[in-house]
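Participant: Generate coordinates for the sequence data below:
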Amino acid sequence: MNARYISAMMFWVLTSVSAYSGEIVKINEELNVADPEYVEKMYQWALSEFEKQAYEESLKYIRHVIKADMANYKLRYLAAHDHWKLGHYEFATTHFQAAISAKPDNPNAYMDLATMKIQERNYTVAEWILNNAMNVLQKSNKPLPSRLYNIYSRIQLMKGLPEDALKYAQLAKAAFEKGGVGIKDKLETMTLEARSQLLLENFEKAELATQWAIAMRKDNVYAHNLLGYIYSQWRQKIIATDAKRAEELKKLAAENFQKAKKIPHVVDEFKKIIDTNLANLDLVNLH
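Facilitator: Below you'll find the model as predicted:
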């Protein structure tokens, strides 16, 4: 290996070349002072790396400038998501908390941190974070987002409390009916309501909520599988007393499981769940 090659390799280790302008940036250098425009440029490059799923590269740009602006909400929030994707939960928590300190009346960092805590199965902390968000938003006279109620509802389902889960799902629905809520949050609201009603054995209400979700997005594999599961559980509940209706429900369940399987780009793990649900249609638990 010649000296020229070694020198080139050392130069690459110490620097990174921007794909946007060809500008050479010494991203391994952590700046204590930086112009706000330069910090914003590094944020944009970090965001681009995040979108390419290059989370370590994204963090390099953030580390390069974050000491120059420790209270920068966007840098902190993006760093939290980088670390979350990498499974660095403690670092992610630190950055989410810093983002919250930078913008305490912005609900996004609260909601994402709570969602991460749910992944860690730390439901008590997740609820505490949501309670803080709710208090801050109410004091600021800001509306409570539909997604915040969705996360509350999800926690209650995890804890086996369908009545409480339903209460929060209905609050989420009331929030999104006021407008300004994306389709993803609306779909989650309706499926949370459906799951809550199913656990309460309110089968018709569970069916209606899931059909609403399907009306919003017909290629919703999760909703079709859920509707099939609702019909299968409803069938088991009545098979001993109403065989004819039970047979109708079995057909409806099978139809929805098959629809779910035919939707493009279904991941293999979810296909296995659908296949299991189909197979279970022939295993009847008589009440």
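Participant: For Y110, list the residues it contacts.
Facilitator: 100, 129-130, 132-133, 136, 148 (CB atoms under 8 Å, 6 or more residues apart in numbering). Placement of C-beta: from N, CA and C, glycine included.
Participant: do the same with E201
Facilitator: Residues in contact with E201 (CB under 8 Å, 6+ apart) are K237.
Participant: Give me the buried positions along the one helix or strand E248 maps to.
Facilitator: E248 is located in helix 243-262, with elements delineated by DSSP states H and E. Within helix 243-262, the residues that count as buried by 16 or more other CB atoms under 10 Å are 246, 249-250, 252-254, 256-257, 259-261.
Participant: Equivalent analysis for stretch 44-55, please.
Facilitator: Using 16+ other CB under 10 Å as the burial criterion, the residues of stretch 44-55 that qualify are 45-50, 55.
Participant: In helices only, show me those residues.
Facilitator: Filtering the buried residues of stretch 44-55 for membership in helices, criterion DSSP state H, returns 45-50, 55.
Participant: So what touches whichever strand or helix holds E188?
Facilitator: Element membership for E188, per DSSP H and E: helix 183-199. Applying CB under 8 Å, 6+ apart, the contact partners of helix 183-199 are 145-147, 149-150, 153-154, 157, 162-163, 165-166, 168-170, 172-173, 176, 203, 205-207, 209-210, 212-213, 216-217, 220, 222-223, 226-227, 229-230, 233.
Participant: In PDB, please show the C-alpha coordinates belonging to that helix.
Facilitator: C-alpha atoms of helix 183-199 as PDB (Å, rounded to 0.1, in the frame of the first residue of the first chain):
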ATOM      1  CA  ILE A 183     -55.100   9.800   7.100                       C
ATOM      2  CA  LYS A 184     -52.600   7.700   9.100                       C
ATOM      3  CA  ASP A 185     -53.800   9.100  12.400                       C
ATOM      4  CA  LYS A 186     -57.500   8.700  11.300                       C
ATOM      5  CA  LEU A 187     -56.900   5.000  10.400                       C
ATOM      6  CA  GLU A 188     -55.200   4.300  13.700                       C
ATOM      7  CA  THR A 189     -58.100   5.900  15.600                       C
ATOM      8  CA  MET A 190     -60.700   3.700  13.800                       C
ATOM      9  CA  THR A 191     -58.700   0.500  14.300                       C
ATOM     10  CA  LEU A 192     -58.100   1.400  18.000                       C
ATOM     11  CA  GLU A 193     -61.900   1.900  18.400                       C
ATOM     12  CA  ALA A 194     -62.600  -1.400  16.600                       C
ATOM     13  CA  ARG A 195     -60.100  -3.300  18.800                       C
ATOM     14  CA  SER A 196     -61.600  -1.800  21.900                       C
ATOM     15  CA  GLN A 197     -65.100  -2.700  20.900                       C
ATOM     16  CA  LEU A 198     -64.000  -6.200  20.000                       C
ATOM     17  CA  LEU A 199     -62.500  -6.800  23.400                       C
END
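Participant: picking up where we left off before, give me the PyMOL select line for the contacts of Y110, limited to the buried ones.
Facilitator: Filtering these down to the buried ones (16+ other CB under 10 Å) takes a single PyMOL command:
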select buried, resi 100+129+130+133+136+148
